[in-house]
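*Asks:* Fold the following.
(one chain, ligands or ions: 1)
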Amino acid sequence: MTKKAKVEQGEISIHTENIFPIIKKWLYSEHEIFLRELVSNAVDAIHKLQHVNLVEGLQLSDEYAVDIEVDKDAGTLTVRDNGIGMTADEVRKYINQIAFSSAEEFVSRFKDLEDKKQIIGHFGLGFYSAFMVADKVEIRSLSYAEGAEGVHWSCDGSTSYELRSFPKAERGTDIILHLSDDTKEFLEPARLREVLKRYCNFLPLPIRLAGETINDCEPLWSRTPSEVSDEQYLEFYRKLYPLAEDPLFWIHLNIDFPFNLKGIVYFPRLTNEFDVTASHIKLFCNQVFVSDDCRELIPEFLTPLQGCLDAPDLPLNVSRSYLQNEPQVRKIQEVLAGRVAGKIVELAKDLESFGPIWEDIHTFVKFGMMKDEKFYKKLADKVVFRTTGEEKYTTLDAYLERAKEKHAGKVFYTSDEAAQAPYLKLFADQGFEVLKLEAMIDSHFIQFLEMKNSEVKFERIDADIADGLLDTEAGSEIASGKDQKTLSEALQEFFGKVLDIKGLKVRVEALRDAAVPGVVLLNEQTRRFKEMTRAMGDAEPDLFAEHTLLVNAASPVAKNIRALQEAGDQETAELLARQVYDLACLSQRSFDKDRMEAFLERSGRILQLAGEKG
Ligand SMILES: Nc1ncnc2c1ncn2[C@@H]1O[C@H](COP(=O)(O)OP(=O)(O)OP(=O)(O)O)[C@@H](O)[C@H]1O
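*Replies:* I've put the predicted structure just below:
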């Protein structure tokens, strides 16, 4: 005669009326995370058994795995493990009391939260997340303990449960979900696979779907860095980001003290499609996927970093705003910044291979240096600049060393090679090296460098004419003509009178290069100030409100103007003076319609005159 199984019925002692509808509705969009929760509980159960096995010397030698199975006809999904199992008492304690009281706490803590995304992806849901997708949940379990009896628990989503003994042959736990009508998608292997790949891809034990292992139990970051080859790092990257180009460099973190942090972060090649404002790192907790968005852990200037971080010590069941104030988070940021700086120092040893990498990383490095003093100190002498010099790249120190004779402490730069081409030519012809600072961040970075090195001044090549470009041997000029004026005096007065523009200063100097009739100069400090007000969102500043026209006394055009003026051909002299000015301005600014028309018309007349002369 078989003994009738004793059935225990009871009420789960929770105080919230009925938490399940709340959970279900509230977390609707993220209900797939139930699978992560159940699979990680199953993995925990196996780890616990492995631990007991060691401590108690049980000498178990099973093949451990978590199996996920579906029964389409019955509409059930089962998560099975061969871990530690539970006795009836443990089910009462861990499921009826602990799991459900934490459920209650969870709901009361987060139900008023506006931004639900804040906690999504973080732990704290546990076993009861099964009710997000199931109308009824069953547990069948057999504890590892000697003489243990199988146990069966079921609950239909109300606050009452049923518990009875159950003839289970194999140690471990089956969690059986009777999926609700609107979550039948989880009976589809393809959908299950997708979710398991997302959350369980790197779990440390085999996770099998219909018998097939779907995960990588030993993700690369869990290995010893010295045992991993470059090819393996690249292969891992390609698996994580199949559409991306190979990264620029990577860092393998393997920290045990003062906190645990493992992971591999990659600095990607930045393409136009790459969103540098989004977070790209996948966060794990003991190899369980937690979130794709862990921007709190990464210093702001390193947001492009990709890869995986495994931070088992972080209290992940808290909101992101909590994370922002978590001291450990700051330490992780510091470690990341330090390690990235270290890697850059290493890469910078070979300037030739470093140059192209620098092109992709420089904005972030400069931003980091301005934000983080430690980062600055580590990299201060590693910053490189593109240059017109012999090598393609130079450090600031090397540049200043070369410039010692000609312009000590002064750094000439261009912010736009095309627009400043005439100036570049002047500098190049006289053998002056010019740095190319063409990125948005550079104007701020220059300011920052000047603050850090008070003896260094940056000057854009159109800011002033360096002494070395002037022909100081041109000799003193002789006063001549009816007006008894020197060439410089006469031209200065003539240009000033003819152009008659508010804010324009005329300066006449002999340049070493006679080919340029004139250049416009914009004072460095005034220009920077104007650019700054533009950056602050003020109305478009007029960069030309104050500017200087430098007329090249060495140029044949200037001499010609003076000759025409002396000969009384005021009209042609004026025509040429205006053209010299417009040509000098043209590279710096675009003309409006009227000025362009006047310029073209004048050009036509000058061509005509030249033709008549010929
Ligand atoms: N498959 C299982 N095998 C053995 N025990 C289990 C299993 N699943 C759950 N448990 C027990 O039930 C308890 C409650 O699980 P639950 O998932 O709600 O919370 P948790 O795992 O302790 O914490 P959290 O999931 O929030 O990190 C577990 O601590 C464990 O003791």
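
*Asks:* Averaged pLDDT, stretch 306-322. What do you get?
*Replies:* For stretch 306-322, mean pLDDT rounds to 74.

*Asks:* Give me the distance from the longest helix along the chain to the chain's centre.
*Replies:* Longest helix in the chain, counting residues (DSSP state H): helix 33-56. Remark: helix 33-56 is offset 36 Å from the chain centroid, using CA atoms, centre = their mean, to the nearest Å.

*Asks:* What is it packed up against?
*Replies:* On a contact count with 3 or more CB pairs under 8 Å, 6 or more residues apart in numbering; DSSP states H and E, helix 33-56 meets strand 66-71, strand 76-81, strand 172-179, helix 189-200, strand 288-291. To be clear about C-beta, it is placed using only N, CA and C from the backbone, and glycine gets the same treatment.

*Asks:* can you list those in a markdown table and add distance to the ligand?
*Replies:* Shown next, in a markdown table, are these (distance: least, CB to the nearest ligand atom, whole Å):
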| stretch | distance to the ligand |
| --- | --- |
| strand 66-71 | 9 |
| strand 76-81 | 5 |
| strand 172-179 | 4 |
| helix 189-200 | 13 |
| strand 288-291 | 9 |
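
*Asks:* Using TSV, please lay out the ones you listed together with mean pLDDT and mean neighbour count.
*Replies:* Below are the helices and strands packed on helix 33-56 laid out as TSV (pLDDT from 0 to 100; neighbours: other CB atoms under 10 Å):
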stretch	mean pLDDT	mean neighbour count
strand 66-71	97	20
strand 76-81	98	21
strand 172-179	97	22
helix 189-200	94	17
strand 288-291	81	21
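
*Asks:* Residue in the stretch 101-250 of the chain with the shortest distance to the ligand?
*Replies:* The stretch 101-250 of the chain approaches the ligand most closely through residue 126 (2.5 Å), counting by CB to the nearest ligand atom.

*Asks:* what stretches of the stretch 101-250 of the chain score poorly on pLDDT?
*Replies:* Counting by pLDDT under 70, the ranges of the stretch 101-250 of the chain that qualify are 101-125.

*Asks:* so where do the strands sit in it?
*Replies:* Listed in chain order, the strands of the stretch 101-250 of the chain (DSSP state E, counting those that start in this stretch) span 134-142, 151-155, 160-165, 172-179, 207-209, 212-213, 249-255.

*Asks:* Just tell me which of those strands ends up closest to residue 472.
*Replies:* strand 249-255 (49.0 Å; CB to CB).

*Asks:* For that closest one, buried residues please.
*Replies:* For strand 249-255, the buried set under the neighbour-count rule, 16 or more other CB atoms under 10 Å, comprises 249-253.

*Asks:* which one among those residues gets closest to residue 143?
*Replies:* Proximity to residue 143 was ranked across the buried residues of strand 249-255 by CB to CB; first place goes to residue 253, at 38.2 Å.

*Asks:* now for the helix or strand hosting residue 330, which elements pack on it?
*Replies:* Here residue 330 sits within helix 327-347, counting by DSSP states H and E. Helix 327-347 sits against strand 249-255, strand 261-267, helix 351-371, helix 373-379, with contacts defined as 3+ CB pairs under 8 Å, 6+ apart.

*Asks:* redo that, cut-off 10 Å
*Replies:* For helix 327-347, the packing partners by 3 or more CB pairs under 10 Å, 6 or more residues apart in numbering; DSSP states H and E come out as strand 249-255, strand 261-267, helix 320-324, helix 351-371, helix 373-379.

*Asks:* Make JSON lines from those and add distance to residue 398 to it.
*Replies:* Listed next are these as JSON lines, based on distance: least, CB to CB, whole Å:
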{"stretch": "strand 249-255", "distance to residue 398": "23"}
{"stretch": "strand 261-267", "distance to residue 398": "25"}
{"stretch": "helix 320-324", "distance to residue 398": "41"}
{"stretch": "helix 351-371", "distance to residue 398": "9"}
{"stretch": "helix 373-379", "distance to residue 398": "16"}
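
*Asks:* and those, which one's lowest on average pLDDT?
*Replies:* Within the helices and strands packed on helix 327-347, the stretch with the lowest mean pLDDT is helix 320-324, showing a mean of 64.

*Asks:* Can you get me a residue count around residue 517?
*Replies:* 23 (other CB atoms under 10 Å).

*Asks:* residues contacting it?
*Replies:* With contact taken as CB atoms under 10 Å, 6 or more residues apart in numbering, residue 517 is in contact with 511, 550-552, 554-558, 560-561, 576-577, 579-581, 583-584.

*Asks:* Skipping adjacent residues, who's closest to residue 85 in space?
*Replies:* Closest residue to residue 85 apart from its sequence neighbours, by CB to CB, 6 or more residues apart in numbering: residue 143 at 4.0 Å.

*Asks:* Please give me every residue in contact with that neighbour.
*Replies:* Counted by CB under 10 Å, 6+ apart, residue 143 has contacts 49, 84-91, 149-151, 168, 171-173.

*Asks:* The nearest residue to residue 294 once chain neighbours are set aside is in what secondary structure piece?
*Replies:* Leaving aside its sequence neighbours, residue 294 sits nearest to residue 283 (CB to CB, 6+ apart; 4.0 Å). Per DSSP H and E, residue 283 falls inside strand 280-285.

*Asks:* Can you tell me which helices and strands that strand packs against?
*Replies:* With contacts taken as 3+ CB pairs under 10 Å, 6+ apart, strand 280-285 sits against strand 261-267, strand 288-291, strand 306-310.

*Asks:* Quick one: name the residues of the stretch 351-500 of the chain near the ligand.
*Replies:* Residues of the stretch 351-500 of the chain lying close to the ligand (CB under 6 Å from any ligand atom): none.

*Asks:* Show me how the record splits this structure into domains.
*Replies:* When the chain is parsed with automatic domain parsing, its domains come out as 7-213, 220-347, 383-469, 487-522+536-613.

*Asks:* Which of the contacts of residue 517 fall in strands?
*Replies:* Among the contacts of residue 517, the residues falling in strands (DSSP state E) are 550-552.

*Asks:* Tell me the one among those residues nearest to the ligand.
*Replies:* Proximity of those to the ligand (CB to the nearest ligand atom) peaks at residue 550, which lies at 72.5 Å.

*Asks:* surely that closest one meets residue 513?
*Replies:* No: shown here, residue 550 and residue 513 do not form a contact pair, counting by CB atoms under 10 Å, at 12.0 Å.

*Asks:* Name the residues contacting each of the two.
*Replies:* Common neighbours of residue 550 and residue 513 (CB under 10 Å, 6+ apart) are residue 469.
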